[in-house]
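Structure, please.
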Amino acid sequence: MLRSLFSGVSGMRTHQLDMDVIADNIANVNTTGFKASRMTFKEVYSQLLKGARAPLGNMGGVNPVQVGLGVTTGSTDTLFTQGAPQATGRDTDLSINGNGFFVLTDGTNRYYTRAGNFTVDSNGSLVYTNGMKVLGWNAKTGVAGAWVIDTNADAEPIDLSRVTSMPPKRTENVSLGGNLSSDPNAPAQVIRSLDIFDSLGAVHTLQLTFDRQANTNDWDVSASLDGAPSTVSPGSITFDDSGVPDPPAAPLTVNLAVGWTLSVGWNGMTSNAAESSPSVLTRDGYAPGSLVRFTIDDLGVIKGVFSNDMTMDLARIALATFPNQEGLVKQSDTLFTESGNSGPANVDAPGVGNRGLLIPGFLEMSNVDLSQEFTNLILAQRGFQANSRVITTSDEMLQELMTLKR
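Numbers count the residues shown, from 1 in each chain. Reported below is the predicted structural model:
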C-alpha cells in the first residue's frame, strides 16, 4: 500500500515537471530561434517479489513476479527541427537554412544561437541583442594590397569600422566588344569614347578611333586622352574572313602619359556587315569612395557599397556545427554552449558542409508546434489527475486499515 502511495507521488512530481517543459515551450512560441523541448518518462525500479524459474522435467517455467515503484524523468530532449523563416526586411536579420549556429563571444567564452537578429553598435561591431559580438572573418590586406578574407584563420569579432573608404585605382585594363562594320558603304571611321581614372581618381576621357582600310578586314587604331594624341601599339587590328579577330589578337598598348599605359583587349570584337557598334565590356579603375551601406549575401559575405558605385567584401560571418547538437546546453537569451556530449564546435563559412546558407532579411521563428503542445498539456493534466487519485485511494485504504482495530 505504501508503495502505491509513493508511486502516485512520483507520478504527480514527474507530470508536474512535464507541465513545466510544456509551459516553457508555449511561453516561447514567438521567441526568435527558440528550440522546443520534450520530456520522456521512464520507470524508476521494479521490485522483484518472486524470481523466474526455468522449465524442469514435466513442469513448465514460471515468470518473475515484480511490482514497479513509480516513474521519473527519462530525458528532456531539445528538438532542433527547422523553424519557419519570417520576413522582416531588415538588412542585419539573418536566418539559417541548415544545421549551423551563429557564433558569439562575450570576450571570454563562445556561445551559439539560431537567432540572427543582429545590429551594428557605435564601434562598428556586429552584435547580438545582448551585446555579444558576432564572430567571423574580417577582410585584411593581402598580396599587392588587395583586401582578402581568410576563412582558414581563427574566427574573430566582426568589425565593420575597419573599412570606411575606398582609395582610387588607376585604369590599366579595358576590354572591347561589339562590331566594326565591314560593309564598304558604312562609315569608314568609328569613334568610341570612355571615361578612365588616373592614380588620384580624376576622370579623363579616352577616345579610340578606328579607321577602315582598303582591305575591309583591316582597321587602323588611334587614341587620344582629353584631346591630346597618344600612341597605340600595334596601330592596327585585323579580322579573318569569318569576321573574328585574326590570331594572335594581342591587346593594344596605349601610352597615355609617363608611367601610365593602358592595355586594351579586343578579343570580343567582330567585323561583319552589321552596323558598327563598338562597346566597352570591362574596365578597371575607379574614383575614391566612402562607405554608404552594406549588404549580406547567402554565403555570409558582408559587402560594402561605396559612393563610387563600387562594392568590396568587408567580412564573412561564421557558422558552427557539432557532432551531437542535441548535447548542447541551453542558456538564457536563446543561447547554447558546448557540453561534453555535444562535442567541440566546428567553425566554418556558411555553405560549407551541412551548415546551410543564410537568408538575409528573415528571422527563424520558434519551432514550437502549438497543436502538439496543447495535446501534451491535456495528457500531462490527465496524468497528474490520475496519480492524485492513486494517492487519494491509497489514503482511503489506509483509513480502512486503521479502523480494523476498533
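
which stretches of the protein have low pLDDT?
Scanning the chain for pLDDT under 70 picks out 1, 143-145, 406.

can you pull the contacts of residue 28?
Applying C-beta atoms under 8 Å, 6 or more residues apart in numbering to residue 28 gives the contacts 34, 36, 366, 368. Every C-beta, even on glycine, is put in place using the N, C-alpha and C of the backbone.

how about a markdown table for the residues you listed, with secondary structure, neighbour count and distance to residue 76 added?
Converted to a markdown table, those look like this (DSSP: H, G, I helix; E, B strand; the rest coil; neighbours: other C-beta atoms under 10 Å; distance: C-beta to C-beta, whole Å):
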| residue | secondary structure | neighbour count | distance to residue 76 |
| --- | --- | --- | --- |
| 34 | coil | 22 | 15 |
| 36 | coil | 23 | 11 |
| 366 | coil | 22 | 17 |
| 368 | coil | 22 | 15 |
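
Now distance to residue 225 too, for the residues you listed, in a markdown table please.
Putting the contacts of residue 28 into a markdown table (distance: C-beta to C-beta, whole Å) gives the following:
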| residue | distance to residue 225 |
| --- | --- |
| 34 | 63 |
| 36 | 68 |
| 366 | 62 |
| 368 | 67 |
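
Could you single out the nearest of those residues to residue 324?
Nearest to residue 324 out of those is residue 36 (C-beta to C-beta; 18.0 Å).

Show me what secondary structure element comes after the strand or helix carrying residue 3.
Element membership for residue 3 (DSSP states H and E) is helix 2-27. Later in the chain than helix 2-27, the nearest helix or strand by DSSP H and E is strand 37-43.

tell me the angle that following strand makes with helix 2-27.
Strand 37-43 and helix 2-27 are oriented at 170 degrees to each other (axes from the mean of the first three to the mean of the last three C-alpha atoms, to 10 degrees).

show me what contacts the closest residue to residue 296 other than its chain neighbours?
Nearest in space to residue 296, with sequence neighbours left out and distances taken as C-beta to C-beta, 6 or more residues apart in numbering, is residue 360 at 4.8 Å. When contacts are counted by C-beta under 8 Å, 6+ apart, residue 360 touches 91, 93, 94, 295, 296, 297, 298.

can you redo those residues as JSON lines with neighbour count, distance to residue 285 and secondary structure?
JSON lines is the format used below for the contacts of residue 360 (neighbours: other C-beta atoms under 10 Å; distance: C-beta to C-beta, whole Å; DSSP: H, G, I helix; E, B strand; the rest coil):
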{"residue": "91", "neighbour count": "16", "distance to residue 285": "29", "secondary structure": "coil"}
{"residue": "93", "neighbour count": "23", "distance to residue 285": "36", "secondary structure": "strand"}
{"residue": "94", "neighbour count": "26", "distance to residue 285": "34", "secondary structure": "strand"}
{"residue": "295", "neighbour count": "14", "distance to residue 285": "23", "secondary structure": "strand"}
{"residue": "296", "neighbour count": "24", "distance to residue 285": "27", "secondary structure": "strand"}
{"residue": "297", "neighbour count": "14", "distance to residue 285": "25", "secondary structure": "coil"}
{"residue": "298", "neighbour count": "14", "distance to residue 285": "30", "secondary structure": "coil"}
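
Tell me the one among those nearest to residue 69.
residue 94 (49.9 Å).

Tell me the spacing between the closest residue to that closest one other than its chain neighbours and residue 141.
Spatially, and ignoring its direct neighbours in sequence, residue 94 is nearest to residue 116 (3.4 Å; C-beta to C-beta, 6+ apart). Residue 116 sits 29 Å away from residue 141, taking C-beta to C-beta, to the nearest Å as the criterion.

neighbour-wise, which of these two wins?
For residue 116 versus residue 141, the count of surrounding residues by other C-beta atoms under 10 Å is larger for residue 116: 25 against 9.

Could I get the full set of helices for the stretch 301-406 of the chain?
Listed from the start of the chain, the stretch 301-406 of the chain has helices (DSSP state H, counting those that start in this stretch) covering 370-402.

what about the closest residue to residue 356 other than its chain neighbours, neighbour count?
Excluding the flanking residues, the one nearest residue 356 by C-beta to C-beta, 6+ apart is residue 98, at 1.3 Å. Other residues within reach of residue 98, judged by other C-beta under 10 Å, total 17.

Spell out which residues sit in contact with residue 98, please.
Neighbour list for residue 98: 319, 350, 354, 355, 356, 357 [criterion: C-beta under 8 Å, 6+ apart].
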